[in-house]
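Visitor: Structure here, sequence nowhere to be found:
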């Protein structure tokens, strides 16, 4: 989905801005495109009676221009949100789908609209006012990140065997110790190993350095000893697939699920990203400062990291016991005076 041939110029300019200036991933840009295409299709269908019976995926948005966009009001967007919550198929192109998107899906689509109108006002200077600046997002249920305990993490590592044991063990070790994103792991090159550190390319093409502990260094050494040299496009890729290509996101997901199951853990509840949660939680449980964890994880904002502080129940118990008043009890009353 690289050319967006069915998108009007104003939308292509917005997507190019996010891809080239903001350095967002292709996946993120594609999601922006799909969200905005769906919004403009809804808008045209709701305003043009002749399109009421036209399937949504047959409505062209090539004629969307700045004049149409300037006519959009907050009421239009509220109508769109009502459509999303009641009438939007949960799965497109399925006869058996339910209807109505959940709050988190609607919130993401609102975030796309906010980004689009902010771009038009503040970057492209095509709008004087943002018509959705007062738009509220759906309330989301706050859920704490799932993570493995220390014992479960050890069980996961000890379960690794098979033809690619050294590679898989190294991948799991890096996830659990360095808390890297899957995109950062699959993007690693041999040259990113810098002594006792790894160079990671994170979100927004931001580079950061994470330092390797003994477990990571040992796992890397064991993997590199069996990594077969290859030639061609992926010759510098650190982790290789069975086809001698850079390992893919889907292969990493599969191997994580496989070893979770082998360890007797519920693979439906955990994923490679949950191993990132695990790394953050274990670091905090063992006294690492939250700002240091922020740097390790590559979080732009501290409040993103602080969610992990709410799941460290054992630390809360220790803190409660450490209060100097923890053992103070009411004095025993003597016998009543005559």
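Guide: Great, that's in hand. None of these values were measured; they are calculated from a predicted model.
Visitor: Span of stretch 21-30 from start to end?
Guide: Terminal residues of stretch 21-30 lie 16 Å apart, using Cα to Cα, to the nearest Å.
Visitor: hey, which helix or strand in the protein has the poorest pLDDT?
Guide: Using mean pLDDT, DSSP states H and E, helix 313-322 stands out as the lowest-scoring helix or strand of the chain, at a mean of 61.
Visitor: in the stretch 1-150 of the chain, which segments are predicted with low confidence?
Guide: Judged by pLDDT under 70, the stretch 1-150 of the chain has its weakly predicted residues at 1-2, 87-99, 138-144.
Visitor: If we use 80, what do you get?
Guide: 1-3, 87-100, 102, 136-145 (pLDDT under 80).
Visitor: how many neighbours does the spatially closest residue to residue 199 that is not a sequence neighbour have?
Guide: Leaving aside its sequence neighbours, residue 199 sits nearest to residue 192 (Cβ to Cβ, 6 or more residues apart in numbering; 4.3 Å). C-betas here are computed from N, CA, C, even on glycine. Around residue 192 there are 17 other residues, counting by other Cβ atoms under 10 Å.
Visitor: next one: residue 154
Guide: Residue 154, neighbours per other Cβ under 10 Å, totals 13.
Visitor: Pull up the gap between residue 210 and residue 255, please.
Guide: According to Cβ to Cβ, to the nearest Å, residue 210 and residue 255 sit 21 Å apart.
Visitor: I meant to write residue 13 there.
Guide: Distance of residue 13 to residue 255, given as Cβ to Cβ: 40 Å.
Visitor: Which residues are in contact with the residue nearest to residue 199?
Guide: Shown in contact with residue 192 (Cβ atoms under 8 Å, 6 or more residues apart in numbering): 198-200, 238.
Visitor: most surrounded residue in these?
Guide: Going by other Cβ under 10 Å, residue 238 tops the contacts of residue 192 with 25 neighbours.
Visitor: Verify the stated contact: that residue with residue 188.
Guide: Yes - assessed by Cβ atoms under 8 Å, residue 238 is found in contact with residue 188 at 4.1 Å.
Visitor: And the strands in the chain?
Guide: Applying DSSP state E to the chain gives strands spanning 193-194, 197-201, 207-211.
Visitor: so which of these comes closest to residue 174?
Guide: strand 197-201 (7.8 Å; Cβ to Cβ).
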